[in-house]
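J.: Model the following, please.
(chains A and B)
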Amino acid sequence: AQTVTQSQPEMSVQEAETVTLSCTYDTSESDYYLFWYKQPPSRQMILVIRQEAYKQQNATENRFSVNFQKAAKSFSLKISDSQLGDAAMYFCAYSVGRSGGADGLTFGKGTHLIIQP
Amino acid sequence: DAGVTQSPTHLIKTRGQQVTLRCSPKSGHDTVSWYQQALGQGPQFIFQYYEEEERQRGNFPDRFSGHQYPNYSSELNVNALLLGDSALYLCASSSDRGAYNSPLHFGNGTRLTVT
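T.: Numbering: from 1, shown residues only, chains lettered A, B, ... in the order given. This is a model prediction of the structure:
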């Protein structure tokens, strides 16, 4: 069975600084997707960034980027120029690569990100 | 463009009762997935519905069942409620007929409390 591990229950960063959230996963599949989701107090899960396992290039979305190390099964999220609105729970998630990651996702336990003004 | 909508927002039930949660997918989406998120945990996949049939299921007992209607809306039913069923239930939709890499869109969830 696939597992996703987030070893940082809580992280704190000063506004405008850079923070990196860690995620490791375990799978025997060769074709899969990895995701970072953000869950603010509104409870809605919002997709931050997605990485296809077959792509060697790390995904980037504005201030958000990932460091995907396939051999090490590591998938960290870097947030640059942190903003107050980035404060939320961040979840790392995995999906086998059948329908672009819309199949059943396996989530980690989450990292609570605090932004210090 | 309306996103994924769920009802009700909050619900309190007694142990042993049955509950039905509802979800309307984002416009243009035809696939609905349900997740259970216990307090302090990440969401866990319950099942996915496509073309009115359960296509994929996570590790949940038969007390959890669902339905999808021709308009793609969906219901999650939980029978014989246990205290451990207290959680946030999230609905997510996607487009199976869209691009291969269709991501999930989540609703705001239904907070179920079992007393």
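J.: Any regions of chain A where pLDDT drops low?
T.: Scanning chain A for pLDDT under 70 picks out A:97-103.
J.: Nearest the geometric middle of it, what residue?
T.: With distances taken as CA atoms, centre = their mean, A:Trp36 lies nearest the centre of chain A, 2.8 Å away.
J.: same thing with chain B?
T.: The centre of chain B sits closest to B:Trp34, judged by CA atoms, centre = their mean, with a distance of 3.0 Å.
J.: Give me the spatial nearest neighbour of it, chain neighbours excluded.
T.: B:Ile46 (4.3 Å; CB to CB, 6 or more residues apart in numbering or on different chains). In short, each C-beta sits where N, CA and C put it, glycine included.
J.: Next: B:Glu52.
T.: Take B:Glu52 and drop its neighbours on the chain: the residue closest to it by CB to CB, 6+ apart is B:Gln68, 4.7 Å away.
J.: check contacts around the one you found.
T.: B:Val32, B:Tyr49, B:Tyr50, B:Glu51, B:Glu52, B:Glu53, B:Ser74 (CB atoms under 8 Å, 6 or more residues apart in numbering or on different chains).
J.: and these, which are buried?
T.: Taking 16 or more other CB atoms under 10 Å in any protein chain shown as the criterion, what is buried in the contacts of B:Gln68 is B:Val32, B:Tyr49, B:Tyr50, B:Ser74.
J.: before we move on, back to that, could you check how far the host helix or strand of the residue nearest to the centre of chain B is from the centre of its chain?
T.: Using DSSP states H and E, B:Trp34 sits in strand B:31-37. Centroid separation for strand B:31-37 versus its chain: 4 Å, with CA atoms, centre = their mean, to the nearest Å.
J.: got it, and stretch B:87-105?
T.: With CA atoms, centre = their mean, you get 11 Å for stretch B:87-105.
J.: Would you list the phi and psi of B:Leu83?
T.: Per-residue torsions, B:Leu83: phi -60, psi -30 (degrees, to the nearest 10).
J.: That one and B:Thr115: what is the separation?
T.: Distance from B:Leu83 to B:Thr115, counting by CB to CB, to the nearest Å: 8 Å.
J.: Any chance you could list residues touching both of those two?
T.: Joint contacts of B:Leu83 and B:Thr115 (CB under 8 Å, 6+ apart) are B:Arg15.
J.: count of neighbours near A:Asn62?
T.: 9 (other CB atoms under 10 Å in any protein chain shown).
J.: Tell me which stretches of chain A form strands.
T.: A:3-5, A:10-14, A:19-21, A:24-26, A:32-39, A:46-52, A:60-61, A:64-69, A:74-79, A:88-96, A:106-107, A:111-116 (DSSP state E).
J.: okay, the residue nearest to B:Glu52: pLDDT?
T.: On pLDDT, B:Gln68 comes in at 97.
J.: Next: the one 4 residues further on.
T.: Reported pLDDT at B:Tyr72 in the predicted model: 95.
J.: Contact partners for it?
T.: Contacts of B:Tyr72 by CB under 8 Å, 6+ apart are B:Pro25, B:His29, B:Asp30, B:Thr31, B:Val32, B:Ser93.
J.: Name the nearest of those residues relative to A:Glu29.
T.: Taking CB to CB as the measure, B:Thr31 is the one of the contacts of B:Tyr72 closest to A:Glu29, at 20.8 Å.
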